[in-house]
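Visitor: With the sequence up front, the predicted model follows.
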Amino acid sequence: MIKAHESLVEKEITRLIKQKEDAVNHKDRRRFLEVIHPGMRTYIQEQKRWFDDAVRWIDRGSFRLKMISLIPGKEHQVRVWLEQQYSRKGKTTTVKFPLLFQETEKGWRDADLPFYHIARGDVLVHYSDERLKEQALISLEAADRAVHGLERQFGWHPAERLEVKLYHSPEVFRQSIKLSLPDWAGGWHEAGQSVKLIGTAAVTDRKLLSSGIVHEVTHQMISEMTGDNAAYWLQEGAAEYFQSHLLPGIRTEEEEAYVKPRWSLGRLETIHLESLPEKEAKAYYAECDQFFRFLMEQYGVEKVKQLFAVLELSPAVDRDSGEKLPLINRRTRSAIRKVYGKSLEQLERDWIRSLKEEGGARPKPSVDPSAD
């Protein structure tokens, strides 16, 4: 009887894997999402974005999923090793990874990687390899402190339990987000998703890991406080700023002097960050950081809070940030004029003037980095 049951389960899982493969190749998002566990809202949102990217990125009809093995897990769960393959402009990519399937009221469903878990309060950390436990504990502490720090500054608290996912493999991390993600990306967050970072069994820099967590948690705060209407430069500027200013112990005490901006803010708005080479991406982050620092140092945190509040008045659009770039740029420009009484170009001129007047000197930030 047990063997017969296992045979039926394997047959059903094989069918679901084939359904995912066919759904990608035929660009059928509904059938693709039917395979996902209906109770995992964060994972559903992540898979929506994964699917939308995949059907644009890969060569049509090239997506393949093959079961390598199936191992019974806890009650109503099985672990499946998969081989995923696709081509992009004729170049084939193959990756192997485990996937958890769980039996639900609607039958067996894809339930994400078979993570390990630790939790504290409103933060839940998932990690893909037990060797990442120390990093998971560091991440849990940093995420918890980041939530409290941002709550003090902005009165924000996560709408739902904040999830962090750590991946032991850079390729599995990339494949779990979207196939087009550049190799230089080490962390990720978009509205409705978990905070994601690449982990490593050898913890070499606790501060770097903690600052990365703060960066991504800041993204979640901004997405929730603005209805996900903040321009890319605002998102990245705030995340870069707070990762080095929010928490004592990981704050950069001596910062580099301002450097001449590489792009105008108008040009910065049009750049798709993920399409940049690593060196240019670093310059993008640096410029966003510098302009956001100017807003904080010149006008203070209350104006930023007002900016977020005005942005939240616009309806949320459930699309990838890159796809709605023109829309969120317009909304951010409009909100800036209402809150600061100046256009983006006027603020830019003030910023450039301040750089010349200060000659690279930095005033102290107005944000209060007091301890929890």
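Guide: That came through, no problem.
Visitor: Where does pLDDT dip in the stretch 1-150 of the chain?
Guide: 1-6 (pLDDT under 70).
Visitor: what are the ranges of the helices in it?
Guide: 2-25, 29-34, 41-57, 133-154 (DSSP state H, counting those that start in this stretch).
Visitor: C-alpha coordinates for the first one, CSV please?
Guide: Presented in CSV, the C-alpha positions along helix 2-25 are these (Å, rounded to 0.1, in the frame of the first residue of the first chain):
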residue,chain,number,x,y,z
ILE,A,2,2.8,2.4,0.9
LYS,A,3,4.6,1.8,-2.4
ALA,A,4,1.4,2.3,-4.3
HIS,A,5,0.8,5.6,-2.5
GLU,A,6,4.3,6.8,-3.2
SER,A,7,3.9,5.9,-6.9
LEU,A,8,0.7,8.0,-7.1
VAL,A,9,2.5,10.9,-5.4
GLU,A,10,5.4,10.7,-7.8
LYS,A,11,3.0,10.6,-10.7
GLU,A,12,1.2,13.7,-9.5
ILE,A,13,4.4,15.6,-8.8
THR,A,14,5.7,14.7,-12.3
ARG,A,15,2.4,16.1,-13.7
LEU,A,16,2.8,19.4,-11.8
ILE,A,17,6.4,19.8,-12.9
LYS,A,18,5.3,19.2,-16.5
GLN,A,19,2.5,21.8,-16.0
LYS,A,20,5.1,24.4,-14.9
GLU,A,21,7.3,23.7,-17.9
ASP,A,22,4.4,23.9,-20.3
ALA,A,23,3.1,27.1,-18.7
VAL,A,24,6.4,28.9,-19.1
ASN,A,25,6.8,27.7,-22.7
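Visitor: Who are the packing partners of that helix?
Guide: Other helices and strands packing on helix 2-25, by 3 or more CB pairs under 8 Å, 6 or more residues apart in numbering; DSSP states H and E, are helix 29-34, helix 41-57, strand 64-72, strand 77-88, strand 107-110. Using the backbone N, CA and C atoms, a C-beta is placed for each residue, glycine as well.
Visitor: got the buried residues for the helix or strand hosting residue 310?
Guide: Per DSSP states H and E, residue 310 falls inside helix 301-312. Neighbour counts over helix 301-312 (16 or more other CB atoms under 10 Å) mark 303, 304, 305, 307, 308, 310, 311, 312 as buried.
Visitor: same thing with stretch 158-170?
Guide: In stretch 158-170, counting by 16+ other CB under 10 Å, buried: 158, 162, 163, 164, 165, 166, 167, 168, 169.
Visitor: measure the fourth one to residue 272 for me?
Guide: This points to residue 164. 26 Å (CB to CB, to the nearest Å).
Visitor: where's residue 42 relative to residue 243, distance?
Guide: According to CB to CB, residue 42 and residue 243 sit 22 Å apart.
Visitor: ok, the two, which is more surrounded?
Guide: residue 243 (25 against 18; other CB atoms under 10 Å).
Visitor: Now that one: which helix or strand?
Guide: According to DSSP H and E, residue 243 maps onto helix 232-245.
Visitor: Following element in sequence after that helix, please.
Guide: Using DSSP H and E, the next helix or strand after helix 232-245 towards the C-terminus is helix 265-270.
Visitor: all helices for the stretch 251-372 of the chain, in order.
Guide: So, for the stretch 251-372 of the chain - with DSSP H, counting those that start in this stretch - the helices run 265-270, 278-299, 301-312, 325-340, 344-358.
Visitor: so what's residue 324 closest to, chain neighbours aside?
Guide: The shortest distance from residue 324 to any non-neighbouring residue, by CB to CB, 6 or more residues apart in numbering, is to residue 317 (5.3 Å).
Visitor: Could you pull up the contacting residues of that neighbour?
Guide: 228, 229, 324, 327 (CB atoms under 8 Å, 6 or more residues apart in numbering).
Visitor: and the most centrally placed residue in the chain, what is it in contact with?
Guide: Geometric centre of the chain, nearest residue: residue 189, 1.2 Å, by CA atoms, centre = their mean. Counting by CB under 8 Å, 6+ apart, residue 189 touches 195, 196, 216, 217, 219, 220, 223.
Visitor: Residue 58 versus the residue lying closest to residue 61 once chain neighbours are set aside, what's the distance?
Guide: Nearest residue to residue 61, sequence neighbours excluded (CB to CB, 6+ apart): residue 25, at 5.0 Å. Distance of residue 25 to residue 58, computed by CB to CB: 9 Å.
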